[in-house]
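Q: Compute the structure for the input listed below.
(one chain, ligands or ions: 1)
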Amino acid sequence: MILYYSRNGSTQQLADAIANGVRKAGAEPLLRTIASDDDAASARDLALSTAELQDCDALIMGSPTRFGHMHSGLQKFWEQTSREWLRGALVDKPAAVFTSSSSMHGGQESTLLSMLVPLLHHGMMVLGIPYTEPGLQQTTSGGTPYGASHVEHAAGSRLSQHELALAEELGARVAKAAFGLRTNQH
Ligand SMILES: Cc1cc2nc3c(=O)[nH]c(=O)nc-3n(C[C@H](O)[C@H](O)[C@H](O)COP(=O)(O)O)c2cc1C
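A: Model (predicted):
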């Protein structure tokens, strides 16, 4: 499951790259967004239902950086998941996060780390990007050990080669973890 919000399309580019990585690992990504009354780019995808949240094998969540935090609509979404929390619906499922910001040091890391907090409360197994990925050392824009990212140097700027590769790697990593955990449970 890839849950994201994107107003202008940058976070959506990352969501699409992560979806490609999930596919390369042999899994089928489901792209979902949150209910929103603005004309967000992410309105391309359906809003996530609680049934889908309950049934997902893994969750990768993406948000634009908003003053160093996730978008308020995603925060609101988590505040409506008490029932799933009580049921332990997400316990022991792999999770990861991604973000896009307009400036290099404008809060990507604080956004990514704070996005992990509700996932940890739900008992998820959090994954990042390991430094064995050469792109982490080579990138001159986004891509962090805490999750995939994009620095939107200009409105609508495309993902750099490293941002794209690291996002795909994160998607593949989460999908492989989900396969592994499922195998061990049976
Ligand atoms: C209310 C608001 C707050 C923002 N806060 C930050 C910020 O703290 N740091 C930053 O670098 N960019 C900030 N931005 C810029 C967005 O994070 C950036 O444009 C992002 O790439 C948008 O993603 P999207 O195209 O998926 O909507 C902010 C934008 C808005 C509208």
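Q: all contacts plus neighbour counts: C-alpha atoms, from now on.
A: OK.
Q: any idea how far the residue nearest the centre of the chain is from Ala154?
A: If you average the C-alpha coordinates of the chain and look for the closest C-alpha using CA atoms, centre = their mean, you land on Met61, 2.9 Å from that point. Using CA to CA, to the nearest Å, Met61 is found at 23 Å from Ala154.
Q: sorry, back to before: I'd say the residue nearest to the centre of the chain and Leu3 touch.
A: Yes. When contacts are counted by CA atoms under 8 Å, Met61 is listed as touching Leu3 (4.8 Å).
Q: Show me which helix runs longest in this protein.
A: In terms of residue count, the longest helix belonging to the chain (DSSP state H) is helix 161-185.
Q: distance between that one and the chain's centre?
A: A distance of 11 Å separates the centroid of the chain from that of helix 161-185, by CA atoms, centre = their mean, to the nearest Å.
Q: And for stretch 82-99?
A: When C-alpha coordinates are averaged (CA atoms, centre = their mean), stretch 82-99 and its chain have centres 13 Å apart.
Q: Flag every buried residue along that stretch.
A: For stretch 82-99, a neighbour-count test (16 or more other CA atoms under 10 Å) marks 84-85, 89-99 as buried.
Q: I'd like those residues as TSV, with pLDDT and distance to the ligand appended.
A: Supplementary listing: the buried residues of stretch 82-99 in TSV, determined by pLDDT from 0 to 100; distance: CA to the nearest ligand atom, whole Å:
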residue	pLDDT	distance to the ligand
Glu84	96	27
Trp85	97	27
Ala89	97	28
Leu90	97	25
Val91	97	28
Asp92	96	28
Lys93	97	25
Pro94	98	23
Ala95	98	20
Ala96	98	17
Val97	98	14
Phe98	98	10
Thr99	98	8
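Q: among the residues you listed, which are in helices?
A: 84-85.
Q: that older thread, can you give the strand pairings for the strand or helix carrying the residue nearest to the centre of the chain, parallel or anti for each?
A: Using DSSP states H and E, Met61 sits within strand 59-64. Under the criterion DSSP bridges, strand 59-64 sits next to strand 2-4 (parallel), strand 94-101 (parallel) in its sheet.
Q: Now do the helix or strand just after it: everything it contacts.
A: Sequence-wise, the next helix or strand downstream of strand 59-64 (DSSP H and E) is helix 72-79. Counting contacts by CA atoms under 8 Å, 6 or more residues apart in numbering, the residues outside helix 72-79 that touch it are 4-5, 34-36, 63, 118.
Q: what bridges to the residue nearest to Tyr4 when sequence neighbours are not counted?
A: Distance criterion CA to CA, 6 or more residues apart in numbering; nearest residue to Tyr4, sequence neighbours excluded, is Gly62 at 4.4 Å. Beta-bridge pairing for Gly62 (DSSP bridges): Tyr4, Phe98.
Q: cool, Thr33 as well?
A: When Thr33 is checked against DSSP bridges, its beta-bridge partners turn out to be Ala47.
Q: Pull the number of nearby residues for it.
A: Thr33 sits with 25 neighbouring residues when counted by other CA atoms under 10 Å.
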